[in-house]
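Enquirer: please find the sequence and the predicted model below.
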Amino acid sequence: MDLENAMRAEKALFPDLFNRLPVVLERGQDVHVWDADGKKYLDMFAGVAVSSIGHAHPRMVKTISAQAAKMIHASNWVFTESQLTLAKKLADLSGMEKVFFTNDGAGAVETAIKLARKATGRTGIVSMEGAFHGRTMGALSATWSKKYREPFEPLIPGFSFARYDDISSVEAAVGEDTAAIIVEPILGEAGAIVPHGSFLKDVEKIAHDAGALLIVDEIQTGFGRCGQMFAYKGQGISPDIVTCAKGLGGGFPLGAVLFSGCDFDPGQHGGTYNGGPLACEVALTVLSVIEDEGLVANSKKMGDYIKEGLSSHSVHGAGLMLGVDTDDGRGNALKLMKRGIIPIYSGNILRLLPPLTLKKEHADIVIGNISEVL
């Protein structure tokens, strides 16, 4: 389907939700994608930090085919070995005690909010200005942007906001009814904004001193994206709850909530599709590829290389989660697309979120083209 027909079909069939980039993608291989006309692009957004091991990785393709031939769905009325194996793997990687699977990141945040309220008997949730946690009602209540929130207000009561990277603001926002503080280790949709110094460590102390839980949202930052398996690991903190998705499934829909020191009671939460055998087998393969191919280290190496190559520009972020300040985010994204590179943008920040398999020759192309466009 060409672009004109795709745009016509969307207008007729879809709600008016998406401001899509003008391209119809048909296939991908590793860090490249091809459009309906056969034009090749370097994929520098990976479906918004999702395709962590690249497109059509042969091990992932093999896993999907083999598991689909065995069993796709079972539900949580029964045990499946793949679900328990993945739970153990995630517990080992994170150091957390328990795991609950969801279908996406918003579902993980919804679960975390319920768990925090159940565990503490409180209702208050403190989120951050600039934060994005999802568009379902609980996750939306913790999301900052007015354009997402205002059409659906009143949202769930009990949510408030503190300024990111401003510990005095966080301290002022926490009270005796605070159940949890939810924070991204690096603000994602805001453009890969990294906090300074001991901000996350100080947030942890404020939460625990108040008898509240610390929820760390690793939906975008997790699984090697920022040069560590989990971004919070480099901050010396021990969150009570961690939300995950995106890179965990490598393109297959899957999220997870990892937690310690708290739990649900039977029947208090659930989901028909959560942690199905196909999703779990895919995630086990994704994690195995990340480890076997050294993609966590590669993320840090390539991210540092790109930042150094673009040192004359304002670049922020960590690993392969980078933001480049520009005077026109969408306009410059479109210019790069004409040159065969697909980034995304937040306002006037170009966002670079490629597969973790990115190599130096790809990074050189990105550095050269961004330098010329900007």
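Expert: Now that the structure is in, tell me what you want to look at.

Enquirer: any idea where the helices of the stretch 1-150 of the chain begin and end?
Expert: Per DSSP state H, counting those that start in this stretch, the stretch 1-150 of the chain carries helices over the ranges 3-13, 46-49, 58-70, 81-94, 105-120, 137-141, 146-149.

Enquirer: do the same with the stretch 251-374 of the chain
Expert: Assigned by DSSP H, counting those that start in this stretch, the stretch 251-374 of the chain shows helices spanning 277-292, 295-309, 329-338, 360-373.

Enquirer: I'd like those helices as TSV, with mean pLDDT, mean neighbour count and distance to Lys147 appended.
Expert: Quick note: C-beta positions are derived from backbone N, CA and C, even for glycine. Conversion of the helices of the stretch 251-374 of the chain to TSV gives the following (pLDDT from 0 to 100; neighbours: other C-beta atoms under 10 Å; distance: least, C-beta to C-beta, whole Å):
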stretch	mean pLDDT	mean neighbour count	distance to Lys147
helix 277-292	98	21	31
helix 295-309	98	20	29
helix 329-338	98	17	15
helix 360-373	98	16	27
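
Enquirer: closest one to Leu322 among those helices?
Expert: helix 295-309 (6.2 Å; C-beta to C-beta).

Enquirer: report how many residues lie close to Phe14.
Expert: Here the number of neighbours of Phe14 (other C-beta atoms under 10 Å) works out to 10.

Enquirer: which ones are touching it?
Expert: Phe14 is in contact with no residue at all, counting by C-beta atoms under 8 Å, 6 or more residues apart in numbering.

Enquirer: again, only using 10 Å
Expert: Arg20 (C-beta atoms under 10 Å, 6 or more residues apart in numbering).

Enquirer: try Leu352
Expert: Residues near Leu352 by C-beta under 10 Å, 6+ apart: 44-46, 192, 303, 306-307, 310, 315, 317, 320-324, 341, 343-344, 358, 363, 366, 370.

Enquirer: for it, which non-adjacent residue is spatially closest?
Expert: Of all residues not flanking Leu352 in the chain, Leu322 sits nearest, at 4.3 Å (C-beta to C-beta, 6 or more residues apart in numbering).

Enquirer: for the one you found, give its distance to His57.
Expert: Separation of Leu322 from His57 (C-beta to C-beta, to the nearest Å) stands at 22 Å.

Enquirer: so which of those two has more stuff around it?
Expert: Shown here are Leu322 and His57; by other C-beta under 10 Å, Leu322 has more neighbours (26 against 22).

Enquirer: assign Val216 to helix, strand or coil.
Expert: strand (DSSP: H, G, I helix; E, B strand; the rest coil).

Enquirer: can you give me the pLDDT of it?
Expert: Val216 carries a pLDDT value of 98.
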